[in-house]
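Asks: What would the 3D arrangement of this be:
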Amino acid sequence: MLTLVLSLAFSAAAPAAADAPAPTTATAKPTRPKKICRSDVNTGSRLKGRTCKTQEQWDAQPQDVGNDVRMNGGAGTR
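Replies: Residues are numbered from 1 along each chain as shown. Now for the predicted structure:
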């Protein structure tokens, strides 16, 4: 008798649970910024180097570091 009651209870609850669609959480991956790679000149080395950065990182970096030293008169290099 008890098994009959339990089986009826489970069978009555099963269609209701099957009819309800499962909640879907569509989480989109955040887009990663595109990397730009440039070749490095390594003086005294036969190995080639590459540096990869985003466009924002390339823009933030000074273009000619040697020019800064020449303009400051070599201050801080002694």
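
Asks: hey, which helix or strand in this structure has the poorest pLDDT?
Replies: helix 65-71 (a mean of 59; mean pLDDT, DSSP states H and E).

Asks: so where do the helices sit in the chain?
Replies: With DSSP state H as the criterion, the chain has helices at 2-19, 55-60, 65-71.

Asks: neighbouring contacts of the shortest one?
Replies: By that I understand helix 55-60. P33, K34, I36, R38 (Cβ atoms under 8 Å, 6 or more residues apart in numbering). To be clear about C-beta, it is placed using only N, CA and C from the backbone, and glycine gets the same treatment.

Asks: One more pass at 10 Å, please.
Replies: P33, K34, K35, I36, R38, T51, C52, K53, T54 (Cβ atoms under 10 Å, 6 or more residues apart in numbering).

Asks: and the helices of the chain, which one is worst for confidence?
Replies: When the helices of the chain are ranked by mean pLDDT, helix 65-71 comes last with a mean of 59.

Asks: I'd like the distance between P62 and V5.
Replies: In this view, P62 and V5 are 80 Å apart by Cβ to Cβ, to the nearest Å.

Asks: Most neighbours out of the contacts of helix 55-60, which is it?
Replies: Within the contacts of helix 55-60, neighbour counts (other Cβ atoms under 10 Å) peak at K53, which reaches 15 neighbours.

Asks: Name all residues that make contact with it.
Replies: K53 touches P33, K35, I36, C37, R38, D59, A60, Q61, counting by Cβ under 10 Å, 6+ apart.

Asks: swap in N42?
Replies: K48, G49.

Asks: what number of residues lie near W58?
Replies: Neighbour number of W58 under other Cβ under 10 Å is 14.
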